[in-house]
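In: Only the shape, not the letters, is given here:
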């Protein structure tokens, strides 16, 4: 069976060259006679893999030496608790910009350990925009200020980072890390689940400035303490070894193909193809205000639920899968992460045009 174009919000597509290389190395990695799945995380061979993965993402994101890179388990959802547990030792309070489902969860977890103040929200319009922010809105004595750079479900993204002054900016970058350029020095901490642009589900990347490590609350479990993982170079316990190996392959491929700068241009091209069609369609409509549209997740609707169902069914029959929208937004959603080729987006747009013509 031919491979399909998978528009899932996550787990998502992986680059085909990465899958082929992993398949070729499945039974014998680099002459060791064993799979990375079987390899001891204490072996010199695996040490080279995890060090290579760290070097790869450092190079791609231009991460300064005074930031630690951690490969952890538990997904971004664990970070909703780990961030306040590790930073509320500075001050037991944080500011949040509420832009959707995932920021709501981050706020809820932070409230378990201190004060979580919502400084701005786009809930009034079903999270279809990013609220306007001003430096004066943020508490200068807060431990951190939190944003979700790209909202997977709602399809919005921050086009500009807020000025939080001396307060560390923390970002959930799960669904757009490595898809566009960010100046890491603008952040105190970045975290991202891997299953969109990095690797299979199972590993979470945390990029944290060194001066924010060692501030954990006394109640913080050992496994939730950034200092433990930083001191042990992400090898305090058995890490998600195979996911980190795949991440290294993804980082290597991205580096060999022009890095994040080139990837951003391709992503802008892909997104423009879909948005240009939506803006001129009489059947399909985007759900996000134009200036806040995501490059990664594009929600759209048709006139009614029955048409939605027919579209999703017929798309699946020609290899365009996982286009059903999230229940809170409805309609459809095309997630076009880094690994989605231009050809896949073109096939989607061509199908949308054909569907509109034949279902007037």
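Out: Done, it's in. Owing to the predicted nature of the structure, the values given are computational and were not obtained by experimental measurement. Residues are numbered from 1 along each chain as shown.
In: where does the stretch 1-150 of the chain dip in pLDDT?
Out: The stretch 1-150 of the chain contains residues with pLDDT under 70 at 1.
In: hey, where'd the strands end up in it?
Out: 5-6, 67-72, 93-98, 115-121, 144-148, 150-151 (DSSP state E, counting those that start in this stretch).
In: Show me what the longest one pairs with in its sheet, parallel or antiparallel.
Out: Read that as strand 115-121. strand 93-98 (parallel) (DSSP bridges).
In: what is the orientation angle of the strand it pairs with with strand 144-148?
Out: 20 degrees (axes from the mean of the first three to the mean of the last three C-alpha atoms, to 10 degrees).
In: where's residue 98 relative to residue 155, distance?
Out: 16 Å (C-beta to C-beta, to the nearest Å). All C-beta spots, glycine's among them, are computed from the backbone N, C-alpha and C.
In: likewise residue 314?
Out: Going from residue 314 to residue 155 by C-beta to C-beta gives 22 Å.
In: quick one, which of the two is more surrounded?
Out: Taking other C-beta atoms under 10 Å, residue 314 and residue 155 do not tie; residue 155 has more neighbours (29 against 15).
In: which residues does the closest residue to the more buried one other than its chain neighbours form a beta bridge with?
Out: Excluding its sequence neighbours, the residue lying closest to residue 155 (C-beta to C-beta, 6 or more residues apart in numbering) is residue 299, at 4.2 Å. For residue 299, the residues forming beta bridges with it (DSSP bridges) are residue 333.
In: Residue 299 touches residue 335, doesn't it?
Out: No: when contacts are counted by C-beta atoms under 8 Å, residue 299 is not listed as touching residue 335 (9.6 Å).
In: Comparing these two, which residue is more hemmed in?
Out: Neighbour totals were compared for residue 299 and residue 335, and residue 299 leads with 28 against 23 (other C-beta under 10 Å).
In: Next up, the contacts around the more buried one.
Out: 153-155, 286-288, 325-326, 329, 331-333 (C-beta atoms under 8 Å, 6 or more residues apart in numbering).
In: I'd like to know how far the residue nearest to residue 155 sits from residue 324.
Out: 11 Å.
In: do the same with residue 51
Out: Distance from residue 51 to residue 324, by C-beta to C-beta: 40 Å.
In: Which one's more surrounded, those two?
Out: Neighbours per residue, other C-beta under 10 Å: of residue 51 and residue 324, the larger number sits with residue 324, 19 against 12.
In: Please state the offset of the lengthiest helix in the chain from the chain centre?
Out: Selection of the longest helix in the chain by residue count, based on DSSP state H, yields helix 259-280. Taking C-alpha atoms, centre = their mean, to the nearest Å, one finds helix 259-280 lying 17 Å from the centre of the chain it belongs to.
In: That helix - contacts with which helices or strands?
Out: Of the remaining helices and strands, those touching helix 259-280 by 3 or more C-beta pairs under 8 Å, 6 or more residues apart in numbering; DSSP states H and E are helix 44-61, strand 285-286, strand 297-301, helix 342-358.
In: a markdown table please, covering those and showing distance to residue 236.
Out: As requested, these are exported to a markdown table (distance: least, C-beta to C-beta, whole Å):
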| stretch | distance to residue 236 |
| --- | --- |
| helix 44-61 | 12 |
| strand 285-286 | 44 |
| strand 297-301 | 33 |
| helix 342-358 | 39 |
